[in-house]
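Enquirer: below: sequence and its predicted model.
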Amino acid sequence: KNIAVFASGSGSNFQAIIDSVEAGDLQANITLLVCDKPDAMAIQRALKHGVPTFAFSPKTYQDKASFEAEILTRLKEVEVDFIALAGYMRLIGPTLLEAYEGKIVNIHPSLLPAFPGKDAIGQALKAGATETGVTVHYVDQGMDTGPIIEQVAVPIYESDTQNHVRKRIHDVEHELYPKVLQQILNPAEVRTN
Ligand code: GRF
């Protein structure tokens, strides 16, 4: 299967996916990185690993439908079957949702439906939660609302700063996301023993 990863920032989850593909654990080809921030670190990671990139500035397009039409053209060019959002900070619109129905997943740093949207880790700390986590879910038109595929809980300790929690969550994400992608893309290959 050919997958595209969408990222807006550092791309550490994108890196985990690259590493898993290179190790042969995730059987897929990453045929495109889509990035809406032309200076994002994710782009450097793509360059280093030979992943073709479509980087764009949304403000140079008339609206979401226009830049998603362009994304769709790029996805088709490299025959993308499946999309993994990894820190892509935008809602996916109808253009892409209809073209890739049931074939877009996202990773979110909370136990959804708790703490959707931006700064989920900050939200959990502010709420005084003693536990948060990571969710991988299918994407629908809502903000972090689609059907949940897998969740892992992550504790929050009293002495934690935001950085401690972020690190703990990232460690879980980097293991979970490639694993879930392998389960979805190659279900017959998953061994339980
Ligand atoms: C991750 O915490 C992910 O759950 C959220 O955005 C963050 C992206 O981090 N959607 P990175 O760019 O993969 O390092």
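Expert: Nice, I can see it.

Enquirer: give me the spatial nearest neighbour of Phe54, chain neighbours excluded.
Expert: Closest residue to Phe54 apart from its sequence neighbours, by Cβ to Cβ, 6 or more residues apart in numbering: Arg74 at 4.5 Å. In short, each C-beta sits where N, CA and C put it, glycine included.

Enquirer: for the helix or strand in which the one you found is found, what is the average pLDDT?
Expert: Assessed by DSSP states H and E, Arg74 sits inside helix 64-77. Confidence for helix 64-77, expressed as mean pLDDT, is 98.

Enquirer: just checking, next helix/strand downstream of that helix?
Expert: Using DSSP H and E, the helix or strand that follows helix 64-77 towards the C-terminus is strand 82-85.

Enquirer: that following strand packs against which elements?
Expert: The contact analysis (3 or more Cβ pairs under 8 Å, 6 or more residues apart in numbering; DSSP states H and E) places strand 82-85 against strand 2-7, strand 104-108, helix 162-185.

Enquirer: send the alpha carbons of it over as CSV?
Expert: Extracted in CSV, the C-alpha atoms of strand 82-85 (Å, rounded to 0.1, in the frame of the first residue of the first chain):
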residue,chain,number,x,y,z
PHE,A,82,-4.2,5.7,2.6
ILE,A,83,-3.5,8.9,4.6
ALA,A,84,-2.0,9.1,8.1
LEU,A,85,-2.3,12.5,9.8
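
Enquirer: which parts of whichever helix or strand comes after that strand are buried?
Expert: Per DSSP H and E, strand 82-85 leads on to helix 94-99 as the next helix or strand towards the C-terminus. Neighbour counts over helix 94-99 (16 or more other Cβ atoms under 10 Å) mark Thr95, Leu96, Leu97, Ala99 as buried.

Enquirer: any idea of the mean pLDDT in stretch 47-56?
Expert: On average, stretch 47-56 scores 98.

Enquirer: next one: stretch 80-89
Expert: Here stretch 80-89 scores 98 as its mean pLDDT.

Enquirer: just to revisit the earlier point, okay, the helices and strands packed on strand 82-85, which one's buried deepest?
Expert: Compared across the helices and strands packed on strand 82-85, strand 2-7 shows the largest average neighbour count, a mean of 24 (mean count of other Cβ atoms under 10 Å).
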